[in-house]
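K.L.:
predicted model, plus sequence, below.
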Number of protein chains: 2
Amino acid sequence: MAVAQDTELVGSLVQLMHKLQDLYAESSRPLGLTPQQAHLLCVLLAGPFGMTELSRIMSIERSSLTSMVDRLERRELVERQPDPADRRACRIALSAPGTELAHQAHTAYTDRIAELTAGLPATQRKAVVAAIGVITES
Amino acid sequence: MAVAQDTELVGSLVQLMHKLQDLYAESSRPLGLTPQQAHLLCVLLAGPFGMTELSRIMSIERSSLTSMVDRLERRELVERQPDPADRRACRIALSAPGTELAHQAHTAYTDRIAELTAGLPATQRKAVVAAIGVITES
DNA sequence: TATTGTTATACTCTATAACTATA
DNA sequence: TATAGTTATAGAGTATAACAATA
């Protein structure tokens, strides 16, 4: 069966996820951020988003996001800006120090992964990117 | 530089991690488990472990584990068994219903991943497993 | 009426520090 | 003294349900 053939690959993917999660946590912590906060800041590097949109991107409820944004806003890492087109809505944007910290978090994390994958030859690297593309886009 | 070459692969890996995390959460929830609880139960499928060993495996502090085990023990999914060789220690073991639920969680999750990777040919599958091995064993 | 975001509430996850009992 | 595990405490993440303001 298909499932039986998949066993090895699936197991690898599970281990990989846990490894990446650990790296993410280890990279965020020295910056004073939880992994979820680091994730949110990095998402915001792509530009301001509304709460509903952010909650969809991060796969969490809007009300959960409200508390996260509250905490980050208290630390002046993000700002709630009024949405000129809709008075109910707001746009969450990085402050200057938030942007700086987001870049640091992104760099810390990607550097760690880059170290891990440094040993892979270009061909293998390409193969993995292609395979992952199939997985993430489905 | 090495980092620049890694950009595409690193980005892929980050997206993959988030995708897998979402799948994990979606698979655990209908079973009444948080992703962390599902993880713990699945680890215990490999046999009973002491608290210190479990905390190392799961990368969390022993005290955090204590509360998790408390909650699962209240639901009679795991049991604290005395360690015959050391009266300070205990061994965390799955109960019969815990074992059943752990299998369900494992199946639910691996089935979801198996679906995602069903389109990959055997050669690509092998290449990915090999590459992931390099990453997770470093 | 539908949507945006917040509030109230309850649980879970997690870490740090201090502790007990045993090795 | 060192180790296994727990307790106490605090903060963060998350969901559900109910709500206010605007579309």
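P.N.:
All right, it came through fine. Residues are numbered from 1 along each chain as shown, chains lettered A, B, ... in the order given.
K.L.:
and A:Ser12, how far is that from DNA strand D?
P.N.:
24 Å (Cβ to the nearest atom of the strand, to the nearest Å). Heads up, the C-betas are built off the backbone N, CA and C, glycines and all.
K.L.:
leaving out sequence neighbours, find the closest residue to that residue.
P.N.:
B:Ile132 (4.2 Å; Cβ to Cβ, 6 or more residues apart in numbering or on different chains).
K.L.:
now that neighbour. Its backbone dihedrals?
P.N.:
phi -60, psi -40 (degrees, to the nearest 10).
K.L.:
does it touch A:Val14 like I think?
P.N.:
No - using Cβ atoms under 8 Å, B:Ile132 is not in contact with A:Val14; the gap is 10.0 Å.
K.L.:
which residues touch A:Leu65?
P.N.:
A:51, A:54-55, A:58 (Cβ atoms under 8 Å, 6 or more residues apart in numbering or on different chains).
K.L.:
among those residues, who's most crowded?
P.N.:
Each of these was scored for neighbours by other Cβ atoms under 10 Å in any protein chain shown, and A:Leu54 scores highest at 20 neighbours.
K.L.:
correct me, but that residue touches A:Leu40?
P.N.:
Yes - under the contact definition of Cβ under 8 Å, A:Leu54 touches A:Leu40, with a separation of 7.5 Å.
K.L.:
assumed A:Ile92 was part of a strand.
P.N.:
Yes - counting by DSSP: H, G, I helix; E, B strand; the rest coil, A:Ile92 falls inside a strand.
K.L.:
where's it relative to B:Arg29, distance?
P.N.:
Distance from A:Ile92 to B:Arg29, counting by Cβ to Cβ, to the nearest Å: 26 Å.
K.L.:
for A:Ala127, same thing?
P.N.:
Applying Cβ to Cβ to A:Ala127 and B:Arg29 gives a distance of 33 Å.
K.L.:
so which of the two has more stuff around it?
P.N.:
Between A:Ala127 and B:Arg29, counting by other Cβ under 10 Å, A:Ala127 is the more crowded of the two (19 against 13).
K.L.:
which element is the residue nearest in space to the middle of chain A on?
P.N.:
The residue lying closest to the centre of chain A (Cα atoms, centre = their mean) is A:His39, at 3.5 Å. Assigned by DSSP states H and E, A:His39 belongs to helix A:35-44.
K.L.:
how about A:Val128?
P.N.:
Going by DSSP H and E, A:Val128 is part of helix A:122-136.
K.L.:
helices and strands around the helix-or-strand element of chain A with minimal mean pLDDT, which ones?
P.N.:
Using mean pLDDT, DSSP states H and E, helix A:2-28 stands out as the lowest-scoring helix or strand of chain A, at a mean of 86. Here helix A:2-28 touches helix A:35-44, helix A:96-117, helix B:2-28, helix B:96-117, helix B:122-136, going by 3 or more Cβ pairs under 8 Å, 6 or more residues apart in numbering or on different chains; DSSP states H and E.
K.L.:
now the angle between helix A:2-28 and the first one, please.
P.N.:
This means helix A:35-44. Interaxial angle, helix A:35-44 versus helix A:2-28 (axes from the mean of the first three to the mean of the last three Cα atoms, to 10 degrees): 90 degrees.
K.L.:
now do helix A:35-44: which elements does it pack against?
P.N.:
Right, helix A:35-44 is packed against helix A:2-28, helix A:51-58, helix A:62-74, strand A:78-82, strand A:90-94, helix A:96-117 by 3+ Cβ pairs under 8 Å, 6+ apart.
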